[in-house]
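[1] Got a sequence here, can you model it:
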Amino acid sequence: MALRRTLSPHVQLDEQALRRRKQSSRERPSVYSRSRNSQSSFPSGQSRPSRATSGARTPIDPHSPRASISALHLQHLLENLELDQYNTYGVEELRDGFFDASFYRPIEQNSGEDGEAEPLLPPEISTFKRPWSSPRTLVYSLVEDVRFFFRLTFRTEQGFSLAKSFLAYFAGYILCLVPRSQGWLGRYPYWVAVATLFNHPGRTLGAQIDATVACSVGAAFGLAVGCLALEVASSTHNAQVGRGGVIAAFWVIFIGAASWIRCSLVKLYQLMISVGLAIIFLCLVGSDALDSTGSWDRGVLWEFGIPWVVGLGICLIINIVIRPDAGGKAVAAALHKAVISAMGGLVLPRPYSPATHQSMNLQLVNLSEAIRDMRGEIVISYLRPDDAEQLRNLMQAVIRDIMAIKPDGNLFEGQSSHEAGAGEGVGQARHSIVIEIEPPGVRSAGASSLASSTEDYLKIVRDTMEVPARELINAMTEALLGCDKELMSYAGYKKLLGSFEDYRGISLGSSRDRLRAAMRVFDESDISLIDHQNLPSAYSAHPELVEMFLFIHPLRQTADSVGNLADNVLRVVGTRRRKRIFLPSYPLQKALYRTNPQVRHDRGGLTAGYYFRSKQNIEKAMETYQGKSFIPSPMSPVAGGGWAPETEPKAMSSHPPATAEPRTLRYRAWRVVHRFQQWETRFAFKVVFVTIVLSIPAWVESSRVWYLGNECWWSVIAAWFMMHPRVGGNAQDLITRSITAAVGSVWAGLGHAAGGGNPFVLAVFTAIFMIPCMFRFTSSSHPRSGLMGCISYSVVSLSARTLHGSTMDIPSPAKIAWTRGVSLIVGIVSAVVVNWVIWPFVARHELRKSLSFMMLNLGISYRGVVAR
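    Okay, the predicted model is just below:
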């Protein structure tokens, strides 16, 4: 890259010296083995094509003196100088001058030392002591585990959500134990408990309102479909004889449609689950209500509807009354964590830390996620969603600029990067790069003179830039602290700041003024450095100097981003501070494919849904890109091998032509049929198949009595909950879910047998079992096993309690426990096995297809770039 064309007279490449050095490096015995083909591809005497000599030039802003030294140019120069310090693994990029691609050679790491991986481990693992080393240590470890559980349960946000969820469930459970309320709840009061589980209040207020509306509408629609099915089944004598087939026909249509929508439009997940529960209950339990006269008992509608509405109402009331979360805390916490991670990146100099880099990357993702969730539901907040989105963009710009800084820069002489990062972990080694300009063993007076001159140049840069750079770093850190303080105070979440000691005495206005002053001093020092007459005319022999510039200039770019963030924060906090209600503002076509965080967690398969949706968007974009017609560049070939400009070059449209896609009826019908051949239809088929097979005994005369008498239809509901469109489960999930369902059934049976159905004994057993089980459902990474444990306990316990007060023959608690428990386990096993056998989701197959898809898209993109 010919840097002689830039404004600075110093930053340029001595191409002849670079060629001589490459020739000497070829004669030097290499430490790493390389393929012979990598060097034989070039004629003798011809230097290898290099990005640094491609002749390309990056546009430069004439108003910025710092732009006279391009960071990209310096990075390419440094890579060429450090060529022998890298292992290329026999890989070389030959682009024939079409365009400059980025290939970053990995630095050879010393993987033999165990201390290399220590900084990557969490502190709690790196300092872990074996609990079996001594009895005293074992007791101490157990005490610490118990303290951690209670601290997590009662002193964190997850703990408060768990407390609210359990309180809602316990209130509904107690309501089912009271004889007077149990009378008007009907024969199936446990639907109150199921509603409080599925719609638990451990979420934001906006998400709770959405869930309440969705579950109410879904249940009403499902009951309407069930009524229609029973009416048709009882309409004529022939329909009554074949009522099983009539109900199955409605089942296939509506359960299949609900399954297709449930996995395609994630926003409607709770609505579709409620539709399925109502249809399953009414089509199975209601089928027994058909008598010989052709009528059916419509009181079964109230036995599902009333407990369901009561459960939803309990959850909504508790969510509103007890520690309500209006929806703004997640955004405030995401902004606070992003600022903290950015301040950690500004601890300079320091060794490169993968943990710090990953933390900043994680905050970028979490911040975007929080903003999307805020715009997708009802929010009561001081912070406007538009302002939060703009703050997100500016904060991401700050973090990206910090990530572009080389953290182990050699600008600060008094504090090396190793000393600066000593506090990050004991034993953390710094990988220094030693660059040999001359072949090993060849030391001349010229080499000594070169080293001496390099030290003189480094001293010039340090004397000029060290103090302004340190002041700029301190000013940026103070400005970020001021932004964090002002935003948390404005949003009403000062508790997120912690002890508040670091923020005492910090004013964002004065911090911004200090930052601007530091930027002016830095610019003046940069201009004086560029015009310094004692710097070398070429930097090809001074890699340490190049490293120093690669540290300085991204630092200045980061200061611009921090200044923009501070200005925007001052604008936001300068507006009138009052809480307002903001309705959902996320685009509907995107909102249908997203839902709130708690539903994403409870549904399971959190990552898989986003991945496949993003993949579909990329496929659509690439199809649109391929559908464009190729238009050559304005330079067209002429006779004699020359090139002449075209008289009327055509502008390339950003959209494909209107005639690219046929508009015929046959083509549109093909598109619809092709759409129904994708994975949503396959999932709907699997759900219909499993639920129909498990429901057949309810529609056969010989098995209806024992099937409905023992409530074996819970196997169908378990399968309806456990079926997932993308994550089919594995042997561990199958065993875990089955064990939790069995333990819940056994514990409920023991509770009923211990007190003979005493409500106080049942309440104690409920508190002991449901708190950890609900924690697993609402807060752990395996929610569906926790859900099965909660449902199994609720069904067995409340069924035994309801039958205990009836006048019919009372089965023993053991029979109630094993019949309901086995039914749930059969549903769990059926769902997992069908997901294994029919169109299974195999992660390694998806990985291979995704890699192939990615390479295809890269090839298409490269082809377009080369063609231009």
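
[2] Remind me which helix or strand residue 220 belongs to.
    Per DSSP states H and E: residue 220 is located in helix 205-233.

[3] and the helix or strand that that helix is followed by, which residues are buried?
    Proceeding N to C from helix 205-233, the next assigned helix or strand is helix 237-241, under DSSP H and E. The neighbour-count check on helix 237-241 (16 or more other Cβ atoms under 10 Å) flags 239-240 as buried. (Glycine included, C-beta is placed from N, CA and C.)

[4] same thing with stretch 363-372?
    363-364, 366-367, 369-371.

[5] Ok, stretch 309-328 next?
    Neighbour-count burial for stretch 309-328, counted by 16+ other Cβ under 10 Å, picks out 309-316, 318-319, 325-328.

[6] Lowest-confidence one in those residues?
    Among the buried residues of stretch 309-328, residue 327 carries the lowest pLDDT, at 83.

[7] Quick check: it touching residue 205?
    Yes. Between residue 327 and residue 205 there is a contact under Cβ atoms under 8 Å: 6.3 Å.

[8] Overlap in contacts, the two.
    378, 380 (Cβ atoms under 8 Å, 6 or more residues apart in numbering).

[9] that older thread, in helices only, show me the buried residues of stretch 309-328.
    309-316, 318-319 (DSSP state H).

[10] Out of those residues, which is nearest to residue 455?
    In terms of Cβ to Cβ, no member of these lies closer to residue 455 than residue 319, at 67.0 Å.

[11] For that closest one, give me its contacts.
    Applying Cβ under 8 Å, 6+ apart, the residues contacting residue 319 are 164, 201, 203, 205, 208.

[12] Not counting its neighbours along the chain, what's nearest the second one?
    In this case it means residue 201. Excluding its sequence neighbours, the residue lying closest to residue 201 (Cβ to Cβ, 6 or more residues apart in numbering) is residue 319, at 3.7 Å.

[13] Distance-wise, check the one you found relative to residue 312.
    Computed as Cβ to Cβ, to the nearest Å, the residue 319 to residue 312 distance reads 11 Å.

[14] mind listing the helices for the stretch 701-850 of the chain?
    Shown for the stretch 701-850 of the chain, the helices assigned by DSSP state H, counting those that start in this stretch span residues 701-709, 714-722, 731-755, 759-778, 783-804, 813-837, 843-867.

[15] of all those, which lies closest to residue 695?
    When the helices of the stretch 701-850 of the chain are compared by Cβ to Cβ, helix 714-722 sits nearest residue 695, at 5.5 Å.

[16] angle of the closest one against helix 783-804?
    150 degrees (axes from the mean of the first three to the mean of the last three Cα atoms, to 10 degrees).

[17] How much space separates residue 816 from residue 707?
    For residue 816 relative to residue 707 (Cβ to Cβ), the value is 15 Å.

[18] Compare these two (neighbour count), which wins?
    Each of residue 816 and residue 707 has its neighbours counted (other Cβ atoms under 10 Å); residue 816 has more, 26 against 22.

[19] quick one, domains of the chain?
    When the chain is parsed with automatic domain parsing, its domains come out as 3-85, 118-155, 156-325+679-837, 329-418+450-578.

[20] Please tabulate those domains in JSON lines, including the columns distance to residue 619.
    Shown next, in JSON lines, are the domains of the chain (distance: least, Cβ to Cβ, whole Å):
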{"stretch": "domain 3-85", "distance to residue 619": "32"}
{"stretch": "domain 118-155", "distance to residue 619": "35"}
{"stretch": "domain 156-325+679-837", "distance to residue 619": "13"}
{"stretch": "domain 329-418+450-578", "distance to residue 619": "22"}
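
[21] Single out the most deeply packed of the ones you listed.
    Mean neighbour count, computed with mean count of other Cβ atoms under 10 Å, is highest for domain 156-325+679-837 among those, reaching a mean of 20.

[22] Figure out the length between the terminal residues of it.
    Length of domain 156-325+679-837, first residue to last, Cα to Cα, to the nearest Å: 42 Å.

[23] Wait, residue 405 touches residue 558, no?
    Yes. Proximity of residue 405 to residue 558 meets the contact threshold set by Cβ under 8 Å, at 6.5 Å.

[24] All the strands of this protein, in order from the start?
    379-381, 580-582, 635-637, 643-645 (DSSP state E).

[25] Which strands or helices does the first one pack on?
    Read it as strand 379-381. Under the contact definition 3 or more Cβ pairs under 8 Å, 6 or more residues apart in numbering; DSSP states H and E, strand 379-381 sits against strand 580-582.

[26] rewinding a little: which among the buried residues of stretch 309-328 gets closest to residue 665?
    residue 312 (44.6 Å).

[27] is it true that that closest one touches residue 217?
    No. Under the criterion of Cβ under 8 Å, residue 312 is not in contact with residue 217, lying 11.0 Å apart.

[28] Any figure for the gap between the residue lying closest to residue 329 once chain neighbours are set aside and residue 785?
    Counting by Cβ to Cβ, 6+ apart, residue 493 is the residue found nearest to residue 329 once chain neighbours are left out, at 6.0 Å. Separation of residue 493 from residue 785 (Cβ to Cβ): 34 Å.

[29] now residue 838
    Taking Cβ to Cβ, one finds residue 838 at 22 Å from residue 785.

[30] what do you get for residue 692?
    Taken as Cβ to Cβ, the span from residue 692 to residue 785 is 25 Å.
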